[in-house]
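Visitor: for reference, the sequence and a predicted model appear below.
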Amino acid sequence: MANKTLILLSTLIAFLVMAISGLVMFFIFQESSLNYFLGMKKAGWMNIHNISGIFAVVLIAYHVAMRWVWIEHVILRKKKMQLSKEMIGRRRNNTWFLLFFSLTFATGFLSWIMGGDCEYCLEIHDKLGVVLFLIFLVHFYKHRKSFSRKSK
C-alpha cells in the first residue's frame, strides 16, 4: 500500500510540475515582453516542463497499467455490469482524461521530435494542455479519497 501511495504522490507531483510550468509558459511568455518570470527565462521553464513531462508520462503509463483491469471493465466495458451514477461519472472523466492526455502528449512529442518547428503542433498542444489541466482537477477531486485512505 505504501508503494502505491508513493507512486500516486510521485505521479501527482510530476504532473503538477509539468502542468504549472506549461501554464506559466502559456500565460506569461506567450507574446509577452517579459524575459524572466520568477528568475528564469522561458528556456528554463521549458527544460522543467520537458523533464517533468518525461517523468509524468512514465508514471502515468504505470498508473494506467496498474488500473488496467478496472479500465477494461468500466471504460472499455469488457464485462457488462450495472454501473452507479458515480461510476458512470468517473468513467466519463477517466475517458476524457486519458483522451486529452494522449492528444496533449502526442502533439508535444511531435513538436519535440521536429525540434519545435511544428507551430501548429505547439498551438494545439498549448490549448489541449489547458483543457487537460481542467480535466485533471476534476479527476483529482473525484479521486481525492485515494490520498486520504489509511493503510490497513
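Guide: Happy to help now that I have it.
Visitor: now residue 116: phi and psi?
Guide: In terms of degrees, to the nearest 10, the main-chain angles of residue 116 are phi 80, psi 10.
Visitor: I'd guessed it sits against residue 125; true?
Guide: No - taking contacts as CB atoms under 8 Å, residue 116 lies outside contact range of residue 125: 10.9 Å. Placement of C-beta: from N, CA and C, glycine included.
Visitor: these two: which has the busier surroundings?
Guide: Counted by other CB atoms under 10 Å, residue 116 and residue 125 do not tie: residue 125 has more neighbours, with 24 against 11.
Visitor: please name the nearest non-neighbouring residue to the more buried one.
Guide: Once flanking residues are discounted, residue 125 sits nearest to residue 107: 3.9 Å by CB to CB, 6 or more residues apart in numbering.
Visitor: and the strand or helix carrying that neighbour, how far from the chain's centre?
Guide: Assessed by DSSP states H and E, residue 107 sits inside helix 85-113. Offset of helix 85-113 from its chain centre (CA atoms, centre = their mean, to the nearest Å): 8 Å.
Visitor: buried residues, it. List them.
Guide: By neighbour count on 16 or more other CB atoms under 10 Å, the buried set for helix 85-113 is 90-91, 93-94, 96-98, 100-101, 103-105, 107-108, 111.
Visitor: for it, name the packing helices and strands.
Guide: Helices and strands touching helix 85-113, by 3 or more CB pairs under 8 Å, 6 or more residues apart in numbering; DSSP states H and E, are helix 42-66, helix 119-142.
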